[in-house]
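Q: Dropping a prediction and its sequence here:
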Amino acid sequence: MIHVYTKERHVKKISRFLDSIKVNYKIFIDIDENQSQFDLGVSYCFPKMIKEPLLSKPRLGFVNFHPGPLPKYKGPTELDDAIKNQEIDWGVTVHYMDETYDTGDIIKIQKIKLHEPPIDQKELGSISHYFLFDLFKNIIMDIYNEKVSSTPQNEMK
């Protein structure tokens, strides 16, 4: 069983995809700490920090799908920071979650080479979310089936 924590606007596309691959899941748009054990927790652009005791409930841990490249762009201001820095080397990340915001071991970064620096949050957000959902579709079952490895962020170049 996969428990996905996300924003309302992502529920339909995530449900459609998970239904298509016939995996058991539940989607939450708010934190529910009264859950019994489950296999994998997923934070997909979820705006709240997932803390204990919920963080320890899934057998395989929690992963976060983050709309920026870690470790360089952590936290909820990653898009604004990239625009300010006129970033053209961008990416989206999936990583294991720990008690601190966006610091867990990285499973994969999908790199994106922008043609020019983004001009606003909406533009970069659209690009990021397109590639983030692509990353989700391509790796969620490998994570669920324990076919991934991860690298501590302090070992990333």
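A: Thanks, I have it.

Q: Helices of the protein, start to end?
A: Along the chain, counting by DSSP state H, helices occupy 8-20, 78-84, 121-144.

Q: Just put those in TSV and tack on mean neighbour count, mean pLDDT and distance to residue 69.
A: Any C-beta I mention is one placed from the backbone N, CA and C, and that applies to glycine too. Below are the helices of the chain laid out as TSV (neighbours: other Cβ atoms under 10 Å; pLDDT from 0 to 100; distance: least, Cβ to Cβ, whole Å):
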stretch	mean neighbour count	mean pLDDT	distance to residue 69
helix 8-20	14	97	20
helix 78-84	18	94	8
helix 121-144	17	96	10
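
Q: For residue 40, find the nearest of these.
A: Closest approach to residue 40 among these (Cβ to Cβ): helix 121-144, 5.3 Å.

Q: Pass me the low-pLDDT residue ranges in the protein, would you?
A: 157 (pLDDT under 70).

Q: is it possible to export the helices of the chain to JSON lines including distance to residue 105?
A: Putting those into JSON lines (distance: least, Cβ to Cβ, whole Å) gives the following:
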{"stretch": "helix 8-20", "distance to residue 105": "23"}
{"stretch": "helix 78-84", "distance to residue 105": "18"}
{"stretch": "helix 121-144", "distance to residue 105": "12"}
